[in-house]
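Q: no FASTA, just this:
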């Protein structure tokens, strides 16, 4: 009897799965018929809008900082899986507030993808895009997903998928920026793209794809929301195409920082001749990025700069422990730094990891230290976001890390995660050596920022405020960050000899003084 019941249950599951797949296919075919997808080979959008520096918000209560996009054109060839995107990016009328190398100098961008290959063009110069988007996702996969997340790209990919399934929902309330409302039905069809990314398309009761959503790996958010909302459509030669689309990255449930791109489409052309995009040899043969490397340089007795990449950390030895300042980029970088610290200080645990600010490239490696029992020291403004979002120990399906895979036993209500915050001053000391942590005020780069100061060694570490220029290069232009750093040094009465930046080389205080005191107009 039990065997018969199990067989019956299996048949029910099989039938249900088959029925769901069949229903999904019918929904997709109806939408493709309504939208003209089967007759669409290429589409070209032109317009203007904004893009943002994701992960570089001024504060955790604000959106990503925006810059203006003009002369925008994107052409997609669905059959050949190619895309060419050109635009001019500039600061425009958006305020200089947050990171992302603001103010944004005007630049012309040409970005291309062909299947598994991605590259940029600057004139005739080809730059292979073999790196990672936000230190987690291959850029070529991101661009492939962007083709799929076009409404017609979604329908074509979903109809070709073997695992498409659906869920039909009544949505109550009023319409919200493209989401079907007023009690009308919406059908969500889901499938797996590129073998790993779950893509959901929301199809309204008029057989129009209004919303396409997926999740991409990110060191801060884990499986991070990536969402395209299509708000208005136009009929072009029998094909319905969006004329206004809006993109989200991150998670609007937790923080308002999530709007990443918006385009007001002024012209759409369908089935135009797409430019040939053969993969250049320089792209096809480009080497993969080298593994993270961490090199140590002694700055003073018991103090090391841990470099070897785009971002630095600083290791400070105390009597029976080590404090590391900054955990940038991602877990791969943190593991490289931890291994180097362990090599030079083999018998001392890392007890503290100091975080300067919340920008993705400066906080993306914090989870690795927490997984190994370190206490995170950060600005009070970051605590809730770190505790509830960044440091959640739960599953990260796209890119598991040590905190999600091993879930250390101290992550319980009895032994909560160790996060200390800095008021006016925070001191790490063993009775002999002291490291002082101070909030840095008056910034446009980030609302909440810490600097680390070793009074005996006269060493000050800063993030993104002052980066001494490389040796043999002209003096850097004086920036608001430099002036703010000097103002804070004066306010706190710090006696600084060396400046340790998170980017670039160590410099002297005299260099900073000369830069800040240069006459106006000498930059």
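A: Right, received. Where do you want to start? Note that the structure is predicted; figures quoted are calculated from it, not measured.
Q: buried sites along the longest strand anywhere in the chain?
A: For the chain, the longest strand by residue count, based on DSSP state E, is strand 222-236. The neighbour-count check on strand 222-236 (16 or more other Cβ atoms under 10 Å) flags 222-231, 233, 236 as buried. No exception for glycine: its C-beta is placed from N, CA and C like everyone else's.
Q: nearest residue to residue 46 other than its sequence neighbours?
A: residue 267 (4.3 Å; Cβ to Cβ, 6 or more residues apart in numbering).
Q: Make sure the one you found is indeed in a strand.
A: Yes: assignment of residue 267 by DSSP: H, G, I helix; E, B strand; the rest coil places it within a strand.
Q: For it, which residues are in contact?
A: Applying Cβ atoms under 8 Å, 6 or more residues apart in numbering, we find residue 267 in contact with 45-47.
Q: Now render the buried residues of strand 222-236 as TSV, adding distance to residue 33 and pLDDT.
A: Listed next are these as TSV, based on distance: Cβ to Cβ, whole Å; pLDDT from 0 to 100:
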residue	distance to residue 33	pLDDT
222	38	94
223	33	95
224	34	94
225	30	94
226	28	96
227	25	95
228	22	95
229	23	94
230	18	93
231	22	85
233	15	95
236	16	97
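Q: of all the residues you listed, which two lie farthest apart?
A: Farthest-apart pair in these is 222 and 236; separation 38.9 Å (Cβ to Cβ).
Q: what angle do the strand or helix carrying residue 155 and strand 222-236 make?
A: Assessed by DSSP states H and E, residue 155 sits inside helix 151-160. Orientation check (axes from the mean of the first three to the mean of the last three Cα atoms, to 10 degrees): helix 151-160 against strand 222-236 gives 110 degrees.
Q: In the chain, where is pLDDT below threshold?
A: Scanning the chain with the threshold set as pLDDT under 70 gives 1-22, 171-184, 256-257, 408-416, 520-523.
Q: And it, what are its domain boundaries?
A: Annotated domains of the chain cover 17-274, 295-516 [automatic domain parsing].
Q: With distance to residue 283 as new columns, can these be given to me in a markdown table?
A: Shown next, in a markdown table, are the domains of the chain (distance: least, Cβ to Cβ, whole Å):
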| stretch | distance to residue 283 |
| --- | --- |
| domain 17-274 | 4 |
| domain 295-516 | 22 |
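Q: and residue 397, that's in a helix?
A: No: applying three-state DSSP, one finds residue 397 to be coil, outside a helix.
Q: Does it touch residue 216 like I think?
A: No: judged on Cβ atoms under 8 Å, residue 397 makes no contact with residue 216 at a distance of 11.3 Å.
Q: which residues are common contacts for those two?
A: Common neighbours of residue 397 and residue 216 (Cβ under 8 Å, 6+ apart) are residue 223.
Q: Same drill for those two, tell me which one is more crowded.
A: Taking other Cβ atoms under 10 Å, residue 397 and residue 216 do not tie; residue 216 has more neighbours (21 against 13).
Q: helices or strands next to the helix or strand where that one lies in the packing?
A: Assigned by DSSP H and E, residue 216 belongs to strand 209-218. Helices and strands touching strand 209-218, by 3 or more Cβ pairs under 8 Å, 6 or more residues apart in numbering; DSSP states H and E, are strand 137-138, helix 139-148, helix 151-160, strand 197-204, strand 222-236.
Q: so what strands line up beside it?
A: strand 197-204 (antiparallel), strand 222-236 (antiparallel) (DSSP bridges).
Q: out of these, nearest to residue 373?
A: Of these, nearest to residue 373 by Cβ to Cβ is strand 222-236, at 20.6 Å.
Q: between the closest one and helix 139-148, how many degrees?
A: 40 degrees.
Q: Check the offset of the very next helix or strand once past strand 222-236 from the chain's centre.
A: Sequence order places strand 239-250 as the next helix or strand after strand 222-236, per DSSP H and E. Distance of strand 239-250 from the chain centroid (Cα atoms, centre = their mean, to the nearest Å) equals 20 Å.
Q: now swap in stretch 355-363 and tell me
A: 12 Å.
Q: Can you name the residues bridging to residue 498?
A: residue 459, residue 508.
Q: Quick check: the gap between it and residue 423.
A: 26 Å (Cβ to Cβ, to the nearest Å).
Q: In terms of neighbours, single out the busier of the two.
A: Using other Cβ under 10 Å, the more surrounded residue of residue 498 and residue 423 is residue 498, with 18 against 10.
Q: From the contacts of residue 267, pick the one nearest residue 144.
A: residue 45 (17.7 Å).
Q: which ones are touching the closest one?
A: Contacts of residue 45 by Cβ under 8 Å, 6+ apart are 72-75, 241, 263, 265, 267-268.
Q: again, only using 10 Å
A: Neighbouring residues of residue 45 by Cβ atoms under 10 Å, 6 or more residues apart in numbering: 72-76, 85, 150, 241-243, 245, 263, 265-269.
Q: how near is it to residue 266?
A: 9 Å.
Q: Residue 156 against residue 43, yeah?
A: No: contact between residue 156 and residue 43 fails when scored by Cβ atoms under 10 Å: they sit 11.4 Å apart.
Q: okay, and the common contacts of the two?
A: 78, 150.
Q: hang on, residue 376 in a strand?
A: Yes: under three-state DSSP, residue 376 sits within a strand.
Q: does it have beta-bridge partners, and which?
A: residue 353, residue 419.
Q: Count residues in the vicinity of it, would you?
A: Applying other Cβ under 10 Å, I find that residue 376 has 25 neighbouring residues.
Q: residues in contact with it?
A: 327, 352-355, 363, 366-367, 369-370, 382-383, 386-387, 390-391, 417-421.
Q: any idea how far residue 327 is from it?
A: Distance from residue 376 to residue 327, by Cβ to Cβ: 8 Å.
Q: overlap in contacts of the two?
A: 353-355, 363, 366-367, 369-370.
Q: Can you say which two of those are spatially most distant?
A: Once Cβ to Cβ is applied, these give 354 and 367 as the farthest pair, at 15.2 Å.
Q: tell me the centre residue of the chain?
A: residue 134 (3.8 Å; Cα atoms, centre = their mean).
Q: Return the residues in contact with that residue.
A: Residue 134 sits in contact with 54-55, 142, 216-221, 224, 249, 329-330, 360-361, 364, where contact means Cβ under 10 Å, 6+ apart.
Q: Next, it: phi, psi?
A: phi 50, psi 40 (degrees, to the nearest 10).
Q: I'd like the numbering to begin with 23 instead of 1 from here.
A: Sounds good: first residue 23 from here, last item residue 156.
Q: so how far is residue 527 from it?
A: Applying Cβ to Cβ to residue 156 and residue 527 gives a distance of 26 Å.
Q: Repeat that for residue 440.
A: Taking Cβ to Cβ, one finds residue 440 at 32 Å from residue 527.
Q: Likewise for residue 81?
A: 29 Å.
Q: What of residue 118?
A: Applying Cβ to Cβ to residue 118 and residue 527 gives a distance of 26 Å.
Q: Was I right to think residue 421 contacts residue 389?
A: No: Residue 421 lies out of contact with residue 389 (Cβ under 10 Å); the separation is 11.1 Å.
Q: who touches both of these two?
A: With Cβ under 10 Å, 6+ apart, residue 421 and residue 389 have common neighbours 241, 244, 352-353.
Q: need those residues in JSON lines with distance to residue 191, can you?
A: Converted to JSON lines, the shared contacts of residue 421 and residue 389 look like this (distance: Cβ to Cβ, whole Å):
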{"residue": "241", "distance to residue 191": "32"}
{"residue": "244", "distance to residue 191": "25"}
{"residue": "352", "distance to residue 191": "36"}
{"residue": "353", "distance to residue 191": "36"}
